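**Student:** Can you look at this prediction? I've put the sequence above it.
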Amino acid sequence: MEDSVNVLCDINKTSTVQDCTLVCSWSLEESARYLETLKEYESYSTNDIEGTEKIDFVSRVQGAITSLRSLNKLDAITLCDSFGTLASLICASHTRLVTPGFGPTKIRFILDTFHRPLRYPKFQS
């Protein structure tokens, strides 16, 4: 299929409107694993699956930072200590991000995460 992105967007819209769950996978085996997991968790309550919500500010900021690929809890603690708020981290420049434990690769990843557009422009053919 030449333009799979548009097809997936249409399927996603349809599943959202129809209140259905959409599971995308690369192989039949991966699809089977997803279905097995969904079936296994079918009898669990949402509290069992979600766990307890972290309500203190530092835990929430650390959770947001560690959700970024390649950043761990120690990185999150270092960034929280250095910047204080998530907003100041997001607005930080390259030179401000140079802190112990952060090399050029991690710094570039953090900057790209916060400053690159969320959607790529469509390619011209």
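**Tutor:** Cool, got the structure. Numbers count the residues shown, from 1 in each chain.

**Student:** roughly how far out does the worst-scoring helix or strand of the chain on mean pLDDT sit from the chain middle?
**Tutor:** Least confident element among the helices and strands of the chain, by mean pLDDT, DSSP states H and E: helix 46-50 (a mean of 75). Chain-centre distance of helix 46-50: 19 Å, with C-alpha atoms, centre = their mean, to the nearest Å.

**Student:** Stretch 38-45 now?
**Tutor:** Distance, centroid of stretch 38-45 to centroid of chain: 23 Å (C-alpha atoms, centre = their mean).

**Student:** okay, that stretch in CSV with CA atoms only?
**Tutor:** Taking Å, rounded to 0.1, in the frame of the first residue of the first chain, the C-alpha atoms of stretch 38-45 are listed here in CSV:
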residue,chain,number,x,y,z
LEU,A,38,-5.8,-8.0,26.8
LYS,A,39,-7.6,-11.2,27.6
GLU,A,40,-5.5,-11.7,30.7
TYR,A,41,-6.2,-8.2,32.0
GLU,A,42,-9.9,-8.4,31.2
SER,A,43,-10.9,-9.3,34.7
TYR,A,44,-8.6,-6.8,36.5
SER,A,45,-10.0,-3.5,37.7
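
**Student:** immediately after the least confident helix or strand of the chain, which helix or strand?
**Tutor:** Next helix or strand after helix 46-50 toward the C-terminus (DSSP states H and E): helix 57-66.

**Student:** Mind giving me the packing neighbours of that following helix?
**Tutor:** helix 73-83, helix 86-90 (3 or more C-beta pairs under 8 Å, 6 or more residues apart in numbering; DSSP states H and E). For the C-beta atoms, the positions are set from N, CA and C on the backbone; glycine is no exception.

**Student:** now that helix and helix 73-83, what's the angle there?
**Tutor:** If you take axes from the mean of the first three to the mean of the last three C-alpha atoms, to 10 degrees, helix 57-66 sits at 120 degrees to helix 73-83.
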